[in-house]
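In: Mind looking at a prediction? Sequence and model below.
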Amino acid sequence: MVLFMIAVLGFLAFEIFRPFLTAIAWATVFCVVFYPVYAFILRFIKVKAIASFLTLILIVVSIIGPFSYISFSLVNEVSDVIGRAGTEDVEFVKAIKSDSRIITIIERIQPYVGLKGASAEDIIIKNARKFGTAIVDKLSSGFTNILGMAANFVIMLFTSFFLLKDGPGFLTKLRNYLPFSEDQKDRLAIQTKDMIVSTIYGGVIVALVEGVLGGIAFALLNIGPPALWGSVMALASFVPILGTAIVWLPASVILLYEGTYMKGIALILIGIFIISLVDSLLKPLIIGGRTKMPTVIIFFTVLGGIKFFGLLGLIMGPLVFALFLSVFEIFRTMEGGTDA
């Protein structure tokens, strides 16, 4: 009977909070990312409410504004590419028509993938349009309801303020409900903190920095839609060994092949001495000796998170998986009998 009452009340509680889950999730993400900033401000301004308010201002100025601009730009750029796909204005369409090797390769694999009879050009254009349309739909879905966006934004700021101000107290209360010993709770807290730092700061934040730098490079050199290619580089940074070089290196080769030597050399220098150095210098500095989630796992948690949560999944995907690994490790040691 007690379990039934708990289940019913839990379901009702979930239904009450469900309309606000997106705003609460965004608030949680921003608080996780910006809590070190809040703690730093609190060292000089001893009033928690003021420190929390100042941190909110930094969140709005440094993240939400630029992120909204990039999102709108990405929608417009991808929409433009989709609109021009199949016309003579798109460079990759010209390349397909003029490169017999690409046509030959695609025609050879057509029978094995069930695409026999379709032209290679139509296959690539059709799939490029489909991929681009999916991106636009995913991004633009969040901008369709302006009133809902405004309400969620206010709720997110309100929640962030109290999560920053009262976060430690809330976590202490949550800790008391965990069915673990005190040693296990301490270990869970340490593992969770290390995993979040290595995953969110050492993975996602570094990827965003590399994406922004890559987008700026493409914009300055005027060699493609900057928001689009910056976003691609942010995702490519999770690819082991190669990273963002998957994007900027072929682009540099194409520029050199087309005779635009200055742009090609400039992009190579930026890729090697600026974008790549962010990963090799910033990531070890952030992670240090903490538990590190494999890059390929972060890559899939980012993609899966975006598919499940939308843009929120960029950080929520790795965050949820990091928490899962931490809790799983506690249960594994309990089953192994290493804890009393």
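Out: Structure received. What you see is a predicted model; the values in this text were computed from it and never measured.

In: Next, the buried residues of whatever helix or strand residue 186 lives in.
Out: Assigned by DSSP states H and E, residue 186 falls within helix 182-196. Residues 184, 187, 188, 191, 192, 194, 195, 196 are the ones in helix 182-196 that count as buried (16 or more other Cβ atoms under 10 Å). C-beta here means a position set from N, CA and C on the backbone, and glycine is covered the same way.

In: now that helix: mean pLDDT?
Out: The average pLDDT for helix 182-196 rounds to 78.

In: Stretch 51-68 too?
Out: 80.

In: got the phi/psi numbers for residue 239?
Out: phi -70, psi 120 (degrees, to the nearest 10).

In: Who are the contact partners of it?
Out: 246, 295, 299 (Cβ atoms under 8 Å, 6 or more residues apart in numbering).

In: quick one: the first one and residue 303, what's the gap?
Out: Distance, residue 246 to residue 303, by Cβ to Cβ, to the nearest Å: 15 Å.

In: Next, count neighbours for the residue lying closest to residue 167 once chain neighbours are set aside.
Out: Nearest residue to residue 167, sequence neighbours excluded (Cβ to Cβ, 6 or more residues apart in numbering): residue 31, at 6.3 Å. Applying other Cβ atoms under 10 Å, we find 21 residues neighbouring residue 31.

In: can you count the residues close to residue 150?
Out: Around residue 150 there are 10 residues (other Cβ under 10 Å).

In: Tell me the buried residues in the strand or helix carrying it?
Out: Per DSSP H and E, residue 150 falls inside helix 146-177. Going by neighbour count (16+ other Cβ under 10 Å), the buried part of helix 146-177 is 152, 155, 156, 157, 159, 160, 161, 163, 164, 165, 167.

In: which of these lies closest to residue 230?
Out: residue 156 (24.4 Å; Cβ to Cβ).

In: okay but that closest one is in contact with residue 27, surely?
Out: Yes - using Cβ atoms under 8 Å, residue 156 is in contact with residue 27, at 4.8 Å.

In: List the buried residues of stretch 228-244.
Out: 228-238, 243-244.

In: I'd like the distance from that stretch to the chain centre, please.
Out: From the chain centre to the centre of stretch 228-244 is a distance of 11 Å (Cα atoms, centre = their mean, to the nearest Å).

In: What of stretch 19-31?
Out: With Cα atoms, centre = their mean, you get 15 Å for stretch 19-31.

In: Keeping just the C-alphas, turn it into CSV.
Out: The C-alpha atoms that make up stretch 19-31 are tabulated as CSV, following Å, rounded to 0.1, in the frame of the first residue of the first chain:
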residue,chain,number,x,y,z
PRO,A,19,5.8,21.6,-18.1
PHE,A,20,8.9,23.1,-16.5
LEU,A,21,11.4,20.3,-17.0
THR,A,22,13.1,21.9,-20.0
ALA,A,23,13.6,25.2,-18.1
ILE,A,24,14.8,23.4,-15.0
ALA,A,25,17.2,21.2,-17.1
TRP,A,26,18.7,24.3,-18.7
ALA,A,27,19.0,25.9,-15.3
THR,A,28,20.8,22.8,-14.0
VAL,A,29,23.2,22.8,-16.9
PHE,A,30,24.1,26.5,-16.5
CYS,A,31,24.5,26.1,-12.8
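
In: Quick one: residues in contact with that stretch.
Out: Counting by Cβ under 8 Å, 6+ apart, 17, 38, 59, 63, 152-153, 155-157, 159-160, 163-164, 167, 309, 312, 315-316, 319 sit against stretch 19-31.

In: Which strand or helix spans the residue nearest to residue 167?
Out: Going by DSSP H and E, residue 31 is in helix 21-44.

In: which parts of that helix are buried?
Out: 22-35, 37-38, 41-42.

In: which is the next helix or strand following it?
Out: Scanning onward from helix 21-44 (DSSP H and E), the first element met is helix 48-59.

In: So which residues make contact with that next one?
Out: With Cβ under 8 Å, 6+ apart as the criterion, helix 48-59 contacts 30, 34, 37-38, 41-42, 45, 157, 160-162, 164-166.

In: pLDDT and distance to residue 2 added to the residues you listed, as CSV?
Out: Shown next, in CSV, are these (pLDDT from 0 to 100; distance: Cβ to Cβ, whole Å):
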residue, pLDDT, distance to residue 2
30, 83, 37
34, 85, 40
37, 89, 43
38, 91, 39
41, 92, 45
42, 90, 41
45, 86, 46
157, 88, 38
160, 89, 35
161, 91, 36
162, 89, 31
164, 89, 36
165, 87, 34
166, 86, 30
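
In: for the residues you listed, which one is nearest residue 284?
Out: residue 37 (21.4 Å).
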